[in-house]
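Chemist: build me a model from this:
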Amino acid sequence: MDKAWQSLLPYAVALGIGATLIMDAWALLLKRAFGIPSLDYAMVGRWLGHLPRGHFRHDGIGRSAPIPGEKALGWAAHYLIGMLFAYLLLALCGPAWLARPTLLPALAFGLLSVAAPFLILQPGMGAGIAARNTPNPKAARLRSLSAHAAFGLGLYLAAQSLAILRF
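Modeler: The predicted structure is shown next:
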């Protein structure tokens, strides 16, 4: 990794944490205001904990054996993935976007990032591609899309905050 890309790392960490916090605040608002449940990150940790054992897909992650520290693992992965996505956005848009962030690339990237749960996490946890095996796939898809839209908005807001602080 050359120096230009390495210089993006601290910004990706800050953007990823900020955007993930916005995503989590959105989930908390939905839960408190409307009783809409959010993803249980302990189950993400459980899924991740089973990967080294060669178990990628579960019929239902809640019925799989618990993993020690699964909740902490799931939350850590949630924030690390947010940082990775932030880095990818910066790699695509470049440092110029970071200096003058605009909403559209961040929001579009946030919405595109929903491919990860639709194609990897949900099938691996037993929910099927794009939550097709859940009791209400449309509602599950809408929750995922809104969460990732909030993440995209969070990328923009975090970048705006960094731009204000830097200049």
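Chemist: only C-alpha atoms from now on, for both contacts and neighbour counts.
Modeler: Fine.
Chemist: quick one: L8 and Y87 touch, right?
Modeler: Yes: the criterion here is Cα atoms under 8 Å, and L8 meets it with Y87 at 7.1 Å.
Chemist: name the residue in those two with the higher neighbour count.
Modeler: A side-by-side neighbour count of L8 and Y87, using other Cα atoms under 10 Å, places Y87 first with 23 against 18.
Chemist: do you know how far that one is from A108?
Modeler: As for Y87, its distance to A108 is 15 Å (criterion: Cα to Cα, to the nearest Å).
Chemist: CA atoms only: put stretch 53-60 into PDB for me.
Modeler: C-alpha atoms of stretch 53-60 as PDB (Å, rounded to 0.1, in the frame of the first residue of the first chain):
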ATOM      1  CA  ARG A  53     -15.000 -24.100  11.800                       C
ATOM      2  CA  GLY A  54     -16.000 -24.200   8.100                       C
ATOM      3  CA  HIS A  55     -19.600 -23.500   8.700                       C
ATOM      4  CA  PHE A  56     -20.600 -20.600   6.400                       C
ATOM      5  CA  ARG A  57     -24.400 -21.200   6.100                       C
ATOM      6  CA  HIS A  58     -26.800 -21.900   8.900                       C
ATOM      7  CA  ASP A  59     -30.400 -23.000   8.700                       C
ATOM      8  CA  GLY A  60     -31.100 -20.500  11.400                       C
END
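Chemist: good, wrapping up.
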